[in-house]
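Participant: Sequence and computational prediction follow.
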Amino acid sequence: MRRAKLIRSTLLALFVGAVAFGIGVILNLSERVENIQTAEQSDPLWVGSQLQFEMLRLERELSHAALGIKPTSDVALRFNIAWSRIYVLQQGKLAKIVEQFDVDKSVLHALDRRFQELESHILEFSTQDMSDVVRRRKAEMIVHQLEGYDFSLRNFLLDLAQAKTSSLSDFRSGLLSLSHTIAYLGVTILAIFGIFISLLMVELRLSGKREREMEILVEEANSVSRMKSNFMSVVSHELRTPLTSIIGGLALLQAKVDTIIDDKTVHQLLDVARRNGDRLLTLVNDILDAQALSEGKVSINKVTIDLNQVVRDTVESCQPYAVSRGVSYDVFIPPGETLANTDASRVSQVLNNFLSNAAKFTQSGDVVEVRLRRLGDKALVEVSDNGIGIPVEAQNDIFNAFQQVNPGTTGPKKSSGLGLSIAKQLMELLDGNVGFRSIEGKGSTFWMEIDLVS
Ligand code: ADP
């Protein structure tokens, strides 16, 4: 399960990584395409050729002027056009592209400087009246000044052309390798996606199968538990009725035999039979109660009662058992009435469990203290003995069903381990509380807390 999870996470990470890488590659590609488009749209090579062309036209106009073939009116225009080309190549987008191509552009600076020097002479052509001789000399001088740039300009254009070609071929090879990468990436992404989906399908099928198995198991467990419940309640009910009559019959027999037969062994045998009958009845009752509680079938009948009376009555009903164990109860009850809105028989059942446990788990001759106190809006009933106590390691589970500190104990201390769990559940139904404190070898105090009538 964990391995499948790990594989799935790794595949997912790979998939996300591949997609992110693919997006990066595509962005990179579109950036390159954009660069090339910009270079195409504003081609420095084209502007450079225009410059070369304009230089030639300027020189031709100047030569015509020097020879006196044509008027000088076009010289300034040609000069300005050529200069504007130089300017365009040195500024803005084109200058950036030239910079990227990394070619020697010193000819542009030199031409720019030369045009600045010649600007005033060119102006003179159009603004001043000058004699033909002077004009021709000036034209000769300017033509002379412009000589030699042809060659450098041609070299500059050649360099530009070469740089552009190599950049284009770089781009093409880059484009090719990027296309390969994209193709590989596409295949990888598809493969990962495929594996991912297959894994998910397998897992879905497995989890469906597991779910069906779980449902079958739950169904089986439920039917087993139903069978067990039915069996338990049938057995307990079938046991309780004959048991009650056996115990009743034994009590009558005991009373009769006491007066008629003076045989110690007979008395002892009847006593043992009576005690075992009682224990069996308690056990059956406990099982029935536990069963009813687990099915939520315990009914609670809350009325306003005097807890003082409930404590007195319960202690009295436990007296025979305490006497048989050689233990006595010392009862402390506050004056007046202790009124609570609760179920007297259930409170008595819980207290009965505390009292019989205290008598059971203490030595003969001990005095068990039963104390009822009113603390604010609560009544606290405590049963304290000086018996064997409960070891610390067993204390956490003491209210769980079938919890016995010494399982398998026989004799009078034998217990089913159901009493305390029933007590706790009953007190929860009554909105009360139970608890205990105990020191092994020194004794225990079990308590219950019930809301008083306000
Ligand atoms: P049972 O009804 O069989 O006595 P309980 O649920 O009442 O079972 O008690 C569970 C276990 O708690 C007992 O087996 C015993 O080990 C321990 N126990 C209960 N009360 C006392 C006590 N007063 N002193 C020492 N041990 C106790």
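Facilitator: Structure received.
Participant: Quick check: residue 366 vs residue 392, distance?
Facilitator: Note on residue 366: its distance to residue 392, by Cβ to Cβ, to the nearest Å, is 22 Å. All C-beta spots, glycine's among them, are computed from the backbone N, C-alpha and C.
Participant: and if you look at residue 247?
Facilitator: Residue 247 is 39 Å from residue 392, by Cβ to Cβ.
Participant: Of these two, give the one with the bigger neighbour count.
Facilitator: Each of residue 247 and residue 392 has its neighbours counted (other Cβ atoms under 10 Å); residue 247 has more, 17 against 10.
Participant: Under the pLDDT cut-off, which ranges of the stretch 351-454 of the chain? List them.
Facilitator: 406-415 (pLDDT under 70).
Participant: tell me which parts of it are close to the ligand?
Facilitator: Contact residues, the stretch 351-454 of the chain versus the ligand (Cβ under 6 Å from any ligand atom): 353, 357-358, 361, 385, 387-390, 398, 403-405, 415-421, 444.
Participant: same question for stretch 92-112, mean pLDDT?
Facilitator: Mean per-residue pLDDT for stretch 92-112: 84.
Participant: Now the stretch 101-250 of the chain against the ligand: closest residue?
Facilitator: Nearest residue of the stretch 101-250 of the chain to the ligand, counting by Cβ to the nearest ligand atom: residue 236, 15.6 Å away.
Participant: right, and that residue touches residue 290 too?
Facilitator: No: Residue 236 is beyond contact range of residue 290, at 10.0 Å (criterion: Cβ atoms under 8 Å).
Participant: what's the next secondary structure element after whichever strand or helix holds residue 225?
Facilitator: Element membership of residue 225 [criterion: DSSP states H and E] is helix 149-260. Going down the chain from helix 149-260, the next helix or strand is helix 264-294, by DSSP H and E.
Participant: buried set for that following helix?
Facilitator: For helix 264-294, the neighbour count (16 or more other Cβ atoms under 10 Å) marks 270, 274, 277-278, 281-291, 293 as buried.
Participant: What is it packed up against?
Facilitator: helix 149-260, helix 419-429 (3 or more Cβ pairs under 8 Å, 6 or more residues apart in numbering; DSSP states H and E).
Participant: what angle do the shortest one and helix 264-294 make?
Facilitator: Computed by axes from the mean of the first three to the mean of the last three Cα atoms, to 10 degrees, the angle separating helix 419-429 from helix 264-294 equals 40 degrees.
Participant: Just the buried residues of the helix or strand following helix 419-429, please?
Facilitator: On the C-terminal side of helix 419-429, the closest following helix or strand by DSSP H and E is strand 433-439. Residues of strand 433-439 classed as buried by neighbour count (16+ other Cβ under 10 Å): 434, 436, 438.
Participant: pLDDT below threshold where in the stretch 101-250 of the chain?
Facilitator: 126-128.
Participant: let's see it at 80
Facilitator: Regions of the stretch 101-250 of the chain meeting the criterion pLDDT under 80 cover residues 101, 124-133, 135-136, 167-168, 171, 174-175, 178-179, 228-237.
Participant: tell me the pLDDT at residue 47?
Facilitator: 86.
Participant: Counting neighbours, what do you get for it?
Facilitator: So residue 47, with other Cβ under 10 Å, has 19 neighbours.
Participant: And for residue 299?
Facilitator: 8.
Participant: just residue 177 next, same as before
Facilitator: Neighbours of residue 177 using other Cβ under 10 Å come to 10.
Participant: Repeat that for residue 358.
Facilitator: Residue 358, neighbours per other Cβ under 10 Å, totals 27.
Participant: Name the nearest residue to it, ignoring sequence neighbours.
Facilitator: residue 385 (4.0 Å; Cβ to Cβ, 6 or more residues apart in numbering).
Participant: Hmm, residue 442 and the one you found touching each other?
Facilitator: No: between residue 385 and residue 442 there is no contact under Cβ under 8 Å: 9.8 Å.
Participant: So which of the two has more stuff around it?
Facilitator: Taking neighbours as other Cβ under 10 Å, residue 385 and residue 442 compare with residue 385 leading, 27 against 11.
Participant: and the more buried one, what does it touch?
Facilitator: Residue 385 makes contacts with 327, 358-359, 361-362, 366, 368-369, 443-445, as judged by Cβ atoms under 8 Å, 6 or more residues apart in numbering.
Participant: before we move on, what about residue 47?
Facilitator: 85, 88-89, 94.
Participant: List only buried entries from these.
Facilitator: Counted by 16+ other Cβ under 10 Å, the contacts of residue 47 give 85, 88-89, 94 as buried.
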